[in-house]
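Undergrad: Sequence isn't available, so here's the structure alone:
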């Protein structure tokens, strides 16, 4: 489904589509890895929430520090930064 209004195009994800995200995982050797993975579809947004379709994203420097285990303000793997 696509909504077009005032030169803005909004495409709604299909109902059965999984979401892709980057997960920081720790391997059995103790190495941390950033991996692109799929997660099950989230619940529909509540009345006061919105769902944003992201086509591209970046990895910032704090994500890299978390990957190397030197950023102390992170959760234990696995987590989505």
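TA: Nice, I can see it. None of these values were measured; they are calculated from a predicted model.

Undergrad: which stretches of the chain form helices?
TA: Defined through DSSP state H, the helices belonging to the chain, from first to last, are 61-68.

Undergrad: tell me the centre residue of it?
TA: Residue closest to the average C-alpha location in the chain (Cα atoms, centre = their mean): residue 21, at 3.4 Å.

Undergrad: contacting residues around it?
TA: Residues near residue 21 by Cβ atoms under 8 Å, 6 or more residues apart in numbering: 36, 37, 38, 39, 80. Where you see a C-beta, it was placed from the backbone N, CA and C, and this is true even at glycine.

Undergrad: Compare the residues you listed and tell me which has the most neighbours.
TA: Scoring these on neighbours with other Cβ atoms under 10 Å, the highest-scoring entry is residue 37 at 13 neighbours.

Undergrad: so that residue touches residue 19, yeah?
TA: No. The criterion here is Cβ atoms under 8 Å, and residue 37 misses it with residue 19 at 9.6 Å.

Undergrad: returning to what we had before: looking at the contacts of residue 21, which is nearest residue 56?
TA: For residue 56, the closest of these turns out to be residue 36, at 12.2 Å, with distances computed as Cβ to Cβ.

Undergrad: partner residues bridging that closest one?
TA: Residue 36 has these beta-bridge partners by DSSP bridges: residue 22.

Undergrad: Give the residue spans of the protein that score low on pLDDT.
TA: The model of the chain has pLDDT under 70 over residues 1-17, 77-81.
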